[in-house]
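Undergrad: Next come a sequence and a model predicted from it.
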Amino acid sequence: MEIFQLVRGEPPRRLETLERLPDEGFVWLDFVRDEAGGWESWPRKLLGSEVDRRHLKDSLEATHKSFFDITPDYDLLIFEGLGSDATCYPFETRSAAFFIFDRLLVSVRARENPSSGILKQRFSDGRAKSPANARVLTQMVLDIMVERFLGIRDAFTQRLDTLQEDLLDPKSPFNDWQQLLTGRREARRLESLCDDQVNALDAWHRDSRLEWSNPEETRLRDATEHISRLRHAAIDIERNTEAAVQLYFASISPRPNETVRSPPGFTAIVNASICAVPGTVRPVPKPWASPSTMARSRSSMP
């Protein structure tokens, strides 16, 4: 655990111990999840506030989906972000939990979640100053978590674009079906993750215990818009991948029929064909096709 006292406009001051809240500013307690046992004693000691046992359990879950809840004493925001390795997919995600009291922020995060460390470095080298309250500090960490997601967008898009180009290259056989399917699945996963993030931020804005200032609302709106753009990018990746696969099978089919032209029938053919490619031992995950759809499609083929 790290303890910081933050006074608006000044560099945070790291404390070795804390018996009571200081007279000025607010306090940030930053816990690493695997060393966070008993962290709920700190709000009790400093504020006389109890943490709901369900929230305590949620805070210790490494891959909890983005989520918001409220009690009379604090706001709870859980935000699912990237793990330490953001250079490849399948993406590794780790959640951070923020317990936002009036003059206290308790964060519980994975050791490999670098966003808090990045913010502390910005404080250290003077690129950031202490905010006015615990909620804005939470927003500062969230901004970095969202920035890291935006950082993977271009690389992810480029990787899937390359796979699609290789798929449609008539000069060389395509053997990366598993990578292509994994990319499509991760695009759908990223879309769902963004939906959860936006819903959690919307609930936080709507139901927070405290009134939002205009700068705080603007900052939250910017973060939500960034996440929405990432969601749209994930949808585009999924659609483009589907279109590339459709073009591929249309190009190798000597006589496309109605089954190929119809989305359910085409998808079933894609599934059956991919499963027949050497090295792709796992079936295509839902919702590409159900066994009954595949059977109907096969029976309709010439």
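TA: Thanks, I have the structure now.
Undergrad: and residue 71, how far is that from residue 175?
TA: For residue 71, the distance to residue 175 equals 54 Å [CB to CB, to the nearest Å]. Heads up, the C-betas are built off the backbone N, CA and C, glycines and all.
Undergrad: which helices and strands does the helix ranked longest in the chain pack with?
TA: Counting by DSSP state H, the longest helix found in the chain is helix 214-252. Helices and strands in packing contact with helix 214-252 are listed as helix 134-167, helix 177-207, helix 263-275; criterion 3 or more CB pairs under 8 Å, 6 or more residues apart in numbering; DSSP states H and E.
Undergrad: would you turn these into CSV with mean pLDDT?
TA: Shown next, in CSV, are the helices and strands packed on helix 214-252 (pLDDT from 0 to 100):
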stretch, mean pLDDT
helix 134-167, 89
helix 177-207, 92
helix 263-275, 46
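Undergrad: Figure out which of the ones you listed is closest to residue 123.
TA: Evaluated over those, closeness to residue 123 peaks at helix 134-167, with 9.4 Å, by CB to CB.
Undergrad: what angle sits between the closest one and helix 214-252?
TA: Counting by axes from the mean of the first three to the mean of the last three CA atoms, to 10 degrees, helix 134-167 lies at 10 degrees to helix 214-252.
Undergrad: Can you name every helix or strand that helix 134-167 contacts?
TA: strand 26-32, strand 75-82, strand 93-100, strand 104-109, helix 115-124, helix 177-207, helix 214-252.
Undergrad: Next, the buried residues of it.
TA: Along helix 134-167, the positions that meet the burial threshold by neighbour count (16 or more other CB atoms under 10 Å) are 134-146, 148-149, 152, 156-157, 159-160, 163-164, 166-167.
Undergrad: same question, stretch 8-20
TA: Residues of stretch 8-20 classed as buried: residue 12 (neighbour count, 16+ other CB under 10 Å).
Undergrad: Next: stretch 83-103.
TA: By neighbour count with 16+ other CB under 10 Å, stretch 83-103 contains the buried residues 83, 86, 89, 91, 93-101.
Undergrad: Across the sheet, point out what pairs with the closest residue to residue 138 other than its chain neighbours.
TA: Excluding the flanking residues, the one nearest residue 138 by CB to CB, 6 or more residues apart in numbering is residue 98, at 4.7 Å. Listed by DSSP bridges, the beta-bridge partners for residue 98 are residue 77, residue 107.
Undergrad: shouldn't residue 131 be in contact with residue 4?
TA: No. In this structure residue 131 lies outside contact range of residue 4 using CB atoms under 8 Å: 11.7 Å.
Undergrad: how close does residue 207 sit to residue 76?
TA: Separation of residue 207 from residue 76 (CB to CB): 11 Å.
Undergrad: could I have stretch 238-250 exported to PDB, CA atoms only?
TA: What follows is stretch 238-250 as a C-alpha-only set of coordinates in PDB (Å, rounded to 0.1, in the frame of the first residue of the first chain):
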ATOM      1  CA  GLU A 238     -15.600  -7.100 -37.000                       C
ATOM      2  CA  ARG A 239     -17.600  -6.100 -40.000                       C
ATOM      3  CA  ASN A 240     -14.500  -5.800 -42.200                       C
ATOM      4  CA  THR A 241     -13.300  -9.200 -41.200                       C
ATOM      5  CA  GLU A 242     -16.700 -10.700 -42.000                       C
ATOM      6  CA  ALA A 243     -16.700  -9.000 -45.400                       C
ATOM      7  CA  ALA A 244     -13.200 -10.200 -46.200                       C
ATOM      8  CA  VAL A 245     -14.200 -13.800 -45.400                       C
ATOM      9  CA  GLN A 246     -17.300 -13.500 -47.500                       C
ATOM     10  CA  LEU A 247     -15.300 -12.200 -50.400                       C
ATOM     11  CA  TYR A 248     -12.800 -15.000 -50.000                       C
ATOM     12  CA  PHE A 249     -15.400 -17.800 -50.200                       C
ATOM     13  CA  ALA A 250     -17.300 -16.000 -53.000                       C
END
